[in-house]
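Colleague: Pasting the sequence and the predicted coordinates here, then a few questions.
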Protein chains: 2
Amino acid sequence: MTDDEQRRPVTTAATSLGILEQLKSGGPMGPTGIASELGLAKSTVHRHLKTLEREGFVVPDDDGYRVGLRLLDFGIYARDQHQLYEVAKPKLDELAEQTGEKVWCVTEEQGRGFHLYGAAGAHSVRTPAREGTRSYLHQLAAGKAILSAFSDERVRDIVDRHGLPAKTPQTITDSDALFEELATIRERGFALNREEIVPKLHAVGVAVTDNEGHPVGAISISGPSNRLRGDRLTGDLADLLLGAANEVEINLNFS
Amino acid sequence: MTDDEQRRPVTTAATSLGILEQLKSGGPMGPTGIASELGLAKSTVHRHLKTLEREGFVVPDDDGYRVGLRLLDFGIYARDQHQLYEVAKPKLDELAEQTGEKVWCVTEEQGRGFHLYGAAGAHSVRTPAREGTRSYLHQLAAGKAILSAFSDERVRDIVDRHGLPAKTPQTITDSDALFEELATIRERGFALNREEIVPKLHAVGVAVTDNEGHPVGAISISGPSNRLRGDRLTGDLADLLLGAANEVEINLNFS
DNA sequence: ACTGACGTTCGAATCATTCGAACAGATTTA
DNA sequence: TAAATCTGTTCGAATGATTCGAACGTCAGT
C-alpha cells in the first residue's frame, strides 16, 4: 500500500531542489562541479543557479555558489508557525537551567524528526544535533516517545518508508524490537536513549500530545552517559520531563 | 547598466519557488487558493505541491499545505556556514547580558540585510525582527553601518536595485540624505536609528569588517526610545558596541 | 437529493527545458 | 611569453516536459 510513487512529478523543479541539496551536502561549488555531481549539463545547472539566485535561494561565493540566507527566512518562519515551538521554548530554557544539560524539542514531519529548538544548560555537551536537524525517529529518545504515541499502523508505515538505519551498535534496527520498546515506553511514560545515536550519549524523552492523544512532538534531555544514568536518568530527570510535558500540553490546548 | 534581467530563466523552477513564497506570505492554503492567487491552473499547482512535498519543502496541513521544516534544516545550515555567526554569537549574548537590551547581528546578501542572530537582554522589547528576517539596509542601524563600509558605487547600485522604501516618517528616503548620513557614520564610527523602522524604537549599529575593510556584517543594540537616548545611546552603548565589533573582527581574522 | 467547492487525474497542444557546441576570460603550465 | 586548461557563459535546435482545461470522485452544507 506504499503508493508513494508520484505520477507526474515536476522534474524541472526537482532539479532545482536537487541543486540546493547538493550545495548543502557538498558545500559551495560552481556549475561545473554540480553538473558532474548530478549528471547534468553545465548550461542547465547554470540556468537553474541564476534563477535560484534571483529569488535569493543561492548566492555567489568565492567557490561558486552557496545556499542563501533567504532559506533562513523561510525556515524560521516554518518554526515560528509551529504550535509547539512558542509554548515549549520557555519551558525548555527553564529545564536547561535546572538540569544544566542540553534540552531539545522535537517534532515529526513525514515520518522524520525535526529539532525545533535546543536549550543549552551550563554543562551541556556538544552533539551533532543542531536546530533544524532532521533525524530518524527511532534513533532519538524524543523520536521514540513520539512513535510510542502513534498507532501501530502509523509506526509500521514509517518503518516501511524510512527503514531502521543504524548510527551505533546500540541503535534499534529490528522492527519487533522497536515495537517491544514502544510498549515499554507507553507503560512507563518516557523513552530512553542509551548510545543509540551517539556513543557515550544518553537521553530521556517524553511525548507532548494534543487533546486527542496525537503527538505534537516531544521534549528530551540529553547528556554524557556517566552523568545521565541510574536513578537520575529514570527518576529525577524523567519526572522533571513528565511534568514539563504536561505543562506544555495544558498550555497548548489554550492557545 | 542595471543589466539585471535574466536572459532565459527557468520559469518552472521559479513557479515552484513562487508557491513557497505564497505559502509563507499567505499562510497555509490548498491548490485552489494558490492557483487563483498566482494566476495558474489548479492542476499545475497541484503537481508542484506534490513535488515540493516529496522533498519535504511543503507538508500537508489542515488548511492545505504549509512550508515544511526541511527549510529550517537548510536555513540553519546557511546561518552556521556564515563566518560571522559563530564568532559574533557569544559576544552578542554577553552584550545582551550587560545592557539588558536586544542585540542583533546582521549581514548583507544581495543588497539586503539578514538578521543572523538576536540575543535578548533582561529588558529587551519585542520588535517585528526575528532571526532570518530580511530587511532594507537603510532602515536598520546595523544596515546603515554596513552601507557606510561599502564604496559609494556599491551603495548606489543597492539603492538603484531596491530603492529607499519608507517604514516610518523618519526613514531615509532620499539618496542624498543617505550619503550624508553615511559620511557622518564613517566619521564617528557608529550608526544611529531613531524610529526609522519602528516608532519609539532606537538603535546603535557598528560594522564588522575584514582585513581589507569590507563589511562582513554589523552588530546593533536596539530598545525603546526613552531608554536609548542622549549619552547612553551615543556614549556608553556606542563604545560598548565599538569594542565588541573590534573583538569580533580580531577573532574573525584568525578562524 | 442537490448544489457547490475541493483535490485529483488525464489528454493534447504548446512551450520551455535540455544538451552540446562554441565563446570569452582567468589562471596555470610549458 | 605563449600555450593550454580550467572556469563561467551564451546560444540554437530537438526533444521532452509543462501547462491548461475538462472531467472525475468526494465531501460538506443546504
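Modeller: Cool, the structure landed.
Colleague: Show me where the stretch 151-255 of chain A has its strands.
Modeller: With DSSP state E, counting those that start in this stretch, the ranges of strands along the stretch 151-255 of chain A come out as A:191-194, A:201-209, A:215-224.
Colleague: Mean neighbour count, distance to residue B:10 and mean pLDDT for those strands - can I get that in JSON lines?
Modeller: To be clear about C-beta, it is placed using only N, CA and C from the backbone, and glycine gets the same treatment. Listed next are the strands of the stretch 151-255 of chain A as JSON lines, based on neighbours: other Cβ atoms under 10 Å in any protein chain shown; distance: least, Cβ to Cβ, whole Å; pLDDT from 0 to 100:
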{"stretch": "strand A:191-194", "mean neighbour count": "23", "distance to residue B:10": "43", "mean pLDDT": "97"}
{"stretch": "strand A:201-209", "mean neighbour count": "26", "distance to residue B:10": "41", "mean pLDDT": "97"}
{"stretch": "strand A:215-224", "mean neighbour count": "26", "distance to residue B:10": "36", "mean pLDDT": "97"}
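Colleague: any chance of these in JSON lines, with distance to residue B:243 too?
Modeller: Shown next, in JSON lines, are those (distance: least, Cβ to Cβ, whole Å):
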{"stretch": "strand A:191-194", "distance to residue B:243": "43"}
{"stretch": "strand A:201-209", "distance to residue B:243": "38"}
{"stretch": "strand A:215-224", "distance to residue B:243": "35"}
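Colleague: Distance to DNA strand C for the ones you listed - can I get that in TSV?
Modeller: Formatted as TSV, the strands of the stretch 151-255 of chain A follow (distance: least, Cβ to the nearest atom of the strand, whole Å):
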stretch	distance to DNA strand C
strand A:191-194	33
strand A:201-209	26
strand A:215-224	23
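Colleague: Could I get these in JSON lines, plus columns for distance to chain B?
Modeller: JSON lines is the format used below for those (distance: least, Cβ to the nearest Cβ, whole Å):
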{"stretch": "strand A:191-194", "distance to chain B": "21"}
{"stretch": "strand A:201-209", "distance to chain B": "16"}
{"stretch": "strand A:215-224", "distance to chain B": "11"}
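Colleague: which residues of the stretch 1-150 of chain A fall in helices?
Modeller: Taking DSSP state H, counting those that start in this stretch as the test, the helices found in the stretch 1-150 of chain A are A:11-26, A:31-38, A:42-54, A:70-81, A:83-99, A:141-148.
Colleague: near chain B, which residues of the stretch 51-200 of chain A show up?
Modeller: Proximity of the stretch 51-200 of chain A to chain B, by Cβ under 8 Å from any Cβ of the partner chain, involves residues A:51-52, A:54-57, A:59, A:66-82, A:107, A:109-110, A:112, A:114, A:116, A:130-134.
Colleague: For residue A:30, the count of nearby residues, please.
Modeller: By other Cβ atoms under 10 Å in any protein chain shown, the residues close to residue A:30 number 16.
Colleague: so who does the residue in the stretch 1-150 of chain A that DNA strand D sits nearest to touch?
Modeller: Proximity of the stretch 1-150 of chain A to DNA strand D (Cβ to the nearest atom of the strand) peaks at residue A:30, 1.7 Å away. Taking Cβ atoms under 8 Å, 6 or more residues apart in numbering or on different chains as the criterion, residue A:30 is in contact with A:63-65.
Colleague: from those residues, which is closest to residue A:47?
Modeller: residue A:65 (12.9 Å; Cβ to Cβ).
Colleague: Could I get the buried residue list for stretch A:21-34?
Modeller: Of the residues in stretch A:21-34, A:22-24, A:28-31, A:33-34 count as buried by neighbour count, 16 or more other Cβ atoms under 10 Å in any protein chain shown.
Colleague: let me redo that: stretch A:105-122
Modeller: Here stretch A:105-122 shows A:105-121 as buried, counting by 16+ other Cβ under 10 Å.
Colleague: Narrow those to those in strands?
Modeller: The strands, defined by DSSP state E, take in A:105-109, A:112-120 from these.
Colleague: Can you say which of the strands of the stretch 151-255 of chain A is nearest to residue A:41?
Modeller: Of all these, the one in closest proximity to residue A:41, counting by Cβ to Cβ, is strand A:215-224 (42.7 Å).
Colleague: Can you work out which other helices and strands pack against the closest one?
Modeller: helix A:83-99, strand A:102-109, helix A:141-148, strand A:191-194, strand A:201-209, helix A:238-252 (3 or more Cβ pairs under 8 Å, 6 or more residues apart in numbering or on different chains; DSSP states H and E).
Colleague: rewinding a little: so which of the contacts of residue A:30 is the most crowded?
Modeller: In terms of neighbours by other Cβ under 10 Å, those top out with residue A:65 at 24 neighbours.
Colleague: For the closest residue to DNA strand C within the stretch 101-250 of chain A, which non-adjacent residue is closest in space?
Modeller: At 14.5 Å from DNA strand C, residue A:110 is the closest residue in the stretch 101-250 of chain A, using Cβ to the nearest atom of the strand. Nearest non-adjacent residue to residue A:110, counting by Cβ to Cβ, 6 or more residues apart in numbering or on different chains: residue B:56, 6.0 Å away.
Colleague: Domain map for chain A?
Modeller: Annotated domains of chain A cover A:11-68, A:76-252 [automatic domain parsing].
Colleague: can you pull the contacts of residue A:185?
Modeller: With contact taken as Cβ under 8 Å, 6+ apart, residue A:185 is in contact with A:144-145, A:148, A:191.
Colleague: do you know how far it is from chain B?
Modeller: 23 Å (Cβ to the nearest Cβ, to the nearest Å).
Colleague: Distance of that residue relative to DNA strand D?
Modeller: Residue A:185 sits 33 Å away from DNA strand D, going by Cβ to the nearest atom of the strand, to the nearest Å.
Colleague: Nearest to residue A:44, out of the strands of the stretch 151-255 of chain A?
Modeller: When those are compared (using Cβ to Cβ), the closest one is strand A:215-224, at 39.5 Å.
Colleague: what lines up beside that closest one in the sheet?
Modeller: strand A:102-109 (antiparallel), strand A:201-209 (antiparallel) (DSSP bridges).
Colleague: For residue A:180, which of the ones you listed is the nearest?
Modeller: Closest to residue A:180 of these is strand A:201-209 (Cβ to Cβ; 17.0 Å).
Colleague: got the residues of chain A near DNA strand C?
Modeller: A:7-8, A:11-12, A:15, A:39-44, A:47-48 (Cβ under 7 Å from any atom of the strand).
Colleague: Just name the shakiest helix or strand of chain A by mean pLDDT.
Modeller: Here the helix or strand of chain A ranked lowest by mean pLDDT, DSSP states H and E is helix A:230-231, holding a mean of 88.
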